[in-house]
Structures are given as C-alpha cells and as structure tokens.
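A.B. asks: Here's my sequence, what's the structure:
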Amino acid sequence: MKEIIRDSLRETRSILETFINNEANVESIYKAADICAEALQTGHKIISCGNGGSLCDATHFAEELTGRFRNDRRPLPALAINDPAYMTCVGNDFSFDEIFSRYVEAMGKEGDVLLAISTSGHSRNIISAVDQAHINRMTVIALTSLGKNELIEKADVAISTPSAAHSDRIQEIHIKVIHILIQVIEEILKVS
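C.D. replies: Now for the predicted structure:
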C-alpha cells in the first residue's frame, strides 16, 4: 500500500515537472491572469464552469476571488455555474448540454470572462458554453489537457496540462493553476 502512495506522488511530480518545463504554460497562465485582471479592473466579472471535479475547481476559483485567497482584500466579482436547482431545471426542460450555455447567455456580458474547465476538452456542455460566450463577446480561458480537442481550438487562451491516463492527475495540475491565477490576478490588481 505504501508503494501505491509513493507511485502516485511520483507520477504527480513527473506530470507537474513536464508542465513546468513547457514555457508556453507559464505564458498562458500569465496571459489568462492578465485577461482576468483587466476584466475585473473594468467592472466586468468572471464566470466559471466544469463537470464533476472540474465544477468543484470552478467553484473554488470563484469563491477564492469573492472571498479571500491568502490575504484580506476586497471581493472580486466571480461566480461558478453550480446551482443544482438551476442545473436540473435546464437539464430536465432542455438538455444537459445546455446547463452552462443558457446561464452564460443570460448572465455573460461583453467584456466578461468565461473560465471553461474540462479535463478532456470534449464535454459538450462546456463547448456549448464557450460558443455562447463568444456570441456574448466574452473572452474564453480554457483549462484542459494536451491533445486535439475542441476546447483548445475555441478558447482565446488555453492552459493545457500533459495528458494522463486518469483525469485526477490533470485535475491536480488544474487546481495548482487556479491558485496561481488568483495569486497573479491579485498581484496585478494590487487589491487590498
């Protein structure tokens, strides 16, 4: 059992090192943080979405911005599409593919940012949200994994982890990226 634990930690370290050693990832994270900071500076908001664990990450991102991250500061306008009553209403009345896009259609405004999270980059409901965000003239930041996927192709900025045999390894990098994004956003804004 202890070897399973060690192997898991080694695998995570290896994927993180591969991610760090790709300079394009650092550039994409900085560009994404800069886009978010500019939106927040100009009175806009960030909407985030994902499925399953990625929804938890989307929620974590929003609550860190509206609540607090490392230090006390003013709240920043961010929200995750995570209301179960709303999601089941749209899923039942329309389709699961529209649970995020209808929300973006209603709430997303020109100048807002959509953070779309999908480990595979193939989630239909995430792609639909991205399409709607572009219709609304929003900027789209994607958190996904490397490989040919529609989310990378449709995003304005894509942050892509190395591919892995299981999505938990991808999600481990995603949560690290989310924390870094918040840290850099705060630094750019110098919020207090």
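A.B. asks: CA only for contacts and neighbour counts going forward, please
C.D. replies: Will do.
A.B. asks: in the protein, which segments are predicted with low confidence?
C.D. replies: 191-192 (pLDDT under 70).
A.B. asks: which stretches of it form helices?
C.D. replies: 2-20, 23-41, 53-66, 84-93, 101-107, 124-135, 150-154, 167-189 (DSSP state H).
A.B. asks: Endpoints of stretch 106-121, how far apart?
C.D. replies: Length of stretch 106-121, first residue to last, Cα to Cα, to the nearest Å: 23 Å.
A.B. asks: Over to stretch 159-177?
C.D. replies: Start-to-end span of stretch 159-177 (Cα to Cα) is 8 Å.
A.B. asks: list the buried ones in it?
C.D. replies: 159, 160, 161, 162, 163, 169, 170, 171, 173, 174, 175, 177 (16 or more other Cα atoms under 10 Å).
A.B. asks: Same question for stretch 78-90.
C.D. replies: Buried residues in stretch 78-90 (16+ other Cα under 10 Å): 78, 79, 80, 81, 82, 87, 90.
A.B. asks: what about that stretch, distance to the chain center?
C.D. replies: Remark: stretch 78-90 is offset 16 Å from the chain centroid, using Cα atoms, centre = their mean, to the nearest Å.
A.B. asks: CA atoms of that stretch as PDB?
C.D. replies: The C-alpha atoms that make up stretch 78-90 are tabulated as PDB, following Å, rounded to 0.1, in the frame of the first residue of the first chain:
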ATOM      1  CA  ALA A  78     -16.700  35.900  -9.900                       C
ATOM      2  CA  LEU A  79     -19.300  33.200  -9.900                       C
ATOM      3  CA  ALA A  80     -19.500  29.500 -10.800                       C
ATOM      4  CA  ILE A  81     -22.400  27.900 -12.500                       C
ATOM      5  CA  ASN A  82     -23.200  25.400  -9.800                       C
ATOM      6  CA  ASP A  83     -26.800  26.000  -8.600                       C
ATOM      7  CA  PRO A  84     -28.300  22.400  -8.600                       C
ATOM      8  CA  ALA A  85     -31.900  23.700  -8.900                       C
ATOM      9  CA  TYR A  86     -31.000  25.700 -12.000                       C
ATOM     10  CA  MET A  87     -28.900  22.900 -13.500                       C
ATOM     11  CA  THR A  88     -31.500  20.300 -13.000                       C
ATOM     12  CA  CYS A  89     -34.200  22.600 -14.300                       C
ATOM     13  CA  VAL A  90     -32.300  23.300 -17.600                       C
END
